[in-house]
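> Return a 3D structure for these sequence lines:
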Amino acid sequence: MIFLGIIQKYSEIIEKYDILRFKIVGNSYQLICKIFMINNTQLFVRDYLFSDGSKKYSFHWQDTEGNCIIRWDNAPHHQSVYSFPYHKHLGKEEYVTDSQPMNLEMVLEYIMWQLC
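Numbers count the residues shown, from 1 in each chain. Okay, here's the model as predicted:
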């Protein structure tokens, strides 16, 4: 994971970021951060890589009022979604739909297309 390289690549849409937790143990890591976009929206990142190679993530993008715009995650709680456990919440969190596995760079690419 090259967090700072990804942040630099999307610097035209990122105002600032706060790393709340970053821990590396062997080949696993935990990243929790908050990214502030140029339009005052915020992206909350929880990205974990475990030593067995499995990943757990949540990328929650919200508007200036704190409302969910979209959240991608892989928590195994929406078994009816075709792409289980990968899914996304659109707008109101009750609306859940299919998603491909995501990472920070893919999320920032999506946000860039929305903002530019």
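
> contacting residues for the residue of the chain most remote from its centre?
The outermost residue of the chain relative to its centre, with distances by Cα atoms, centre = their mean, is residue 26 at 22.9 Å. By Cβ atoms under 8 Å, 6 or more residues apart in numbering, residue 26 lies in contact with residue 51. C-beta coordinates here come from the backbone N, C-alpha and C atoms, glycine included.

> ok, now how distant is it from residue 50?
Look at residue 26 and residue 50: by Cβ to Cβ, to the nearest Å, they are 10 Å apart.

> now do residue 60
Distance from residue 60 to residue 50, by Cβ to Cβ: 21 Å.

> The two: which has the busier surroundings?
More crowded of residue 60 and residue 50, by other Cβ atoms under 10 Å: residue 60, with 19 against 13.

> quick one: what helix or strand has the more buried one in it?
Using DSSP states H and E, residue 60 sits in strand 55-62.

> Now do that strand: distance to the chain's middle.
What separates the centre of strand 55-62 from the centre of its chain is 3 Å, taken as Cα atoms, centre = their mean, to the nearest Å.

> Stretch 72-82 too?
On Cα atoms, centre = their mean, the centre of stretch 72-82 falls 15 Å from that of its chain.

> Spit out the contact partners of the residue lying closest to residue 57 once chain neighbours are set aside.
Leaving aside its chain neighbours, residue 57 sits nearest to residue 47 (4.8 Å; criterion: Cβ to Cβ, 6 or more residues apart in numbering). Listed by Cβ under 8 Å, 6+ apart, the contact set of residue 47 reads 1, 29-32, 55, 57, 59, 103-104.
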